[in-house]
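[1] Please work out how this folds:
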Amino acid sequence: MKIFEEQHEMFRAAVGAFVEREVMPHVEEWETAGRLPKAIFRRMGELGFLGVEYGEKYGGAGADLFTTVVLHEECARSRSGSFAMAVGVHTDMASPHLYWTGSEALKERYLPGMCRGETISAIAVTEPGGGSDVAAIRTRAVRDGDHYVINGSKTFITNGAMADVYFVAARVEGGEPAKRHRGISMFLVDRDTPGFRVSRTLDKMGMRASDTAELSFEDMRVPADTLLGREGAGFYEVMRVFQRERLVAGLHAVAMSERALEDTIAYVRERHAFGGPLAGKQVVRHTLAELGTSIEAARWLTYATCAKFASGEDCLREISMVKLFAAEMAQRVAYDCVQLHGGYGYMREYPIERFARDVRLLTIGGGTSEIMKEIIAKAMKL
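    A predicted model of the protein is given here:
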């Protein structure tokens, strides 16, 4: 079945060449530094890789969803989950809040810089003690004349330390926590807003080159016109963008696993033991065959769901299945690929070790596997 057209394959070749030439040689350097250089975003902007679905008037390409699919597949093949994650947050988890619900004035002011890679964005929803429970947000926004005053904190914010613009979820005045999802609003917040602070950068198990931070807001005043969409309707917008986030997670899981499988096949062909290459051992061959089958199953579940999403159909159940199945599949791929590398799989000089650490996030971030199962069960009327 044909999924990609000629323009998609041309775009794939361009992104793939960029990743191989300008990303992969620097992965170890970025891992050691614990951050990505902002220049890599500007370079992607120069090449037209950011904001591909946004209108040309804002600096985008007006392309379709499958162009975005190609972008994330090729970024995830970089052997750097950090790079793929940072780009994915900017393009599909943070900036859509502005494109979908921001005023025309805000879009004209911020989107061109985002498409050029000069203005990096982050999404600030998760709070200490909240995790996947978005409705439990405690950060408060109180209207005061032409401003809102925001107090609270956020955690696990990808791009949190380096972003220029944040999309912050806060409970508006009058919203009662007991009502859970009601009263939450989204605000665009500039980094240099008084009262905004990056509390600390978190030290993570994996995705080490993608900065993750805690944020705090202390009497932070933001103009009322930075409210995105209708006051009190932010929960629904967060859920809407979550659908893209979970599709991107599925794409990352598949492409990262595919690269790990390729690396493992290359290794077992070269590694000799017991009189021959490991690739000649039935147990090794069968393990790799099972992994390849699982990756293909996840790939086509993801593609089918992307097509349904692009058509505008309701696919909450299918997206949750993608996130669940692809993320759990990636854990199996990581375990078996490290195992087939033997002792070398435990050494940081081999990319498979980093893959095993990076991919662990996929069953946690963007909604845990347990949350996905609950959504699917509800869709099944259970």
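[2] Thr91 and Val69 touch, don't they?
    No - Thr91 lies out of contact with Val69 (C-beta atoms under 8 Å); the separation is 11.8 Å. In this view, the C-beta of every residue, glycine as well, is placed from N, C-alpha and C.
[3] The closest residue in space to Ala224 that isn't next to it in sequence: neighbour count?
    In space, and not counting its chain neighbours, Ala224 is closest to Asp146: 5.2 Å by C-beta to C-beta, 6 or more residues apart in numbering. Asp146 sits with 9 neighbouring residues when counted by other C-beta atoms under 10 Å.
[4] Please apply the same query to the one 4 residues further on.
    For Ile150, the number of neighbouring residues by other C-beta under 10 Å comes to 25.
[5] So it, which state does it fall into?
    State at Ile150, reduced to three classes by DSSP: H, G, I helix; E, B strand; the rest coil: strand.
[6] Poorly predicted segments of the chain, please.
    Residues of the chain meeting the criterion pLDDT under 70: 130-132, 173-181.
[7] Can you give me the domain assignment for it?
    Split into domains by automatic domain parsing, the chain comes to 6-116, 121-231, 236-379.
[8] Identify the single longest helix in the chain, thanks.
    Longest helix in the chain, counting residues (DSSP state H): helix 234-270.
[9] Listing partners with orientation, what would you give for the helix or strand that it is followed by?
    Counting by DSSP states H and E, the element after helix 234-270 in chain order, helix or strand, is strand 272-273. Here strand 272-273 is paired, per DSSP bridges, with strand 276-277 (antiparallel).
[10] what distance separates the partner strand from the centre of its chain?
    What separates the centre of strand 276-277 from the centre of its chain is 39 Å, taken as C-alpha atoms, centre = their mean, to the nearest Å.
[11] quick one: contacts of it?
    Residues outside strand 276-277 that contact it (C-beta atoms under 8 Å, 6 or more residues apart in numbering): 268-271.
[12] Which strands and helices lie in contact with the helix or strand harbouring Glu31?
    Following DSSP H and E, one finds Glu31 within helix 27-33. With contacts defined as 3 or more C-beta pairs under 8 Å, 6 or more residues apart in numbering; DSSP states H and E, helix 27-33 has these neighbours: helix 81-88.
[13] Give me the residues contacting the helix it packs on.
    Helix 81-88 has contacts (C-beta under 8 Å, 6+ apart) with 23, 27, 30-31, 36, 40-41, 44, 50, 71-72, 75-76, 78, 158-159, 206-211, 245, 248, 252, 255-256, 354-355, 358-359, 361.
[14] These in strands, which ones?
    Using DSSP state E, the subset of those located in strands is Thr158.
[15] surely Leu71 meets Val15?
    Yes - Leu71 is within contact range of Val15, at 5.9 Å (criterion: C-beta under 8 Å).
[16] who's in contact with Glu20?
    Contact analysis of Glu20 by C-beta under 8 Å, 6+ apart lists nothing.
[17] Return the member of the contacts of strand 276-277 nearest to Leu382.
    Comparing the contacts of strand 276-277 against Leu382 with C-beta to C-beta places Val268 closest, at 42.0 Å.
[18] Tell me if I'm right that that closest one and Leu340 touch.
    Yes - counting by C-beta under 8 Å, Leu340 is a contact partner of Val268 at 5.9 Å.
[19] What are the phi and psi values at Gly145?
    Here is the backbone geometry of Gly145 (degrees, to the nearest 10): phi 70, psi -120.
[20] count of residues packed around it?
    By the criterion of other C-beta under 10 Å, Gly145 has 8 neighbours.
[21] Next, work out how far apart it and Arg246 are.
    38 Å (C-beta to C-beta, to the nearest Å).
[22] buried residues in stretch 246-256?
    246-256 (16 or more other C-beta atoms under 10 Å).
[23] Including distance to Gly365, could the residues you listed go into a markdown table?
    A markdown table is the format used below for these (distance: C-beta to C-beta, whole Å):
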| residue | distance to Gly365 |
| --- | --- |
| Arg246 | 10 |
| Leu247 | 14 |
| Val248 | 11 |
| Ala249 | 7 |
| Gly250 | 12 |
| Leu251 | 14 |
| His252 | 10 |
| Ala253 | 11 |
| Val254 | 16 |
| Ala255 | 16 |
| Met256 | 13 |
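[24] who's in contact with the residue sitting furthest away from the middle of the chain?
    Distance from the C-alpha centroid of the chain, by C-alpha atoms, centre = their mean, peaks at Gly275 (44.1 Å). By C-beta under 8 Å, 6+ apart, the contact set of Gly275 is empty.
[25] my read: Tyr303 touches Ile3, true?
    Yes - between Tyr303 and Ile3 a contact is recorded at 5.4 Å, counting by C-beta under 8 Å.
[26] between these two, who's got more neighbours?
    The neighbour count for Tyr303 versus Ile3, taken as other C-beta under 10 Å, is higher for Tyr303 (19 against 14).
[27] The particular helix or strand that has that one in it: which residues count as buried?
    Assigning secondary structure by DSSP H and E places Tyr303 in helix 282-310. For helix 282-310, the neighbour count (16+ other C-beta under 10 Å) marks 284, 287-288, 291, 294-295, 298-299, 301-303, 305-307, 309 as buried.
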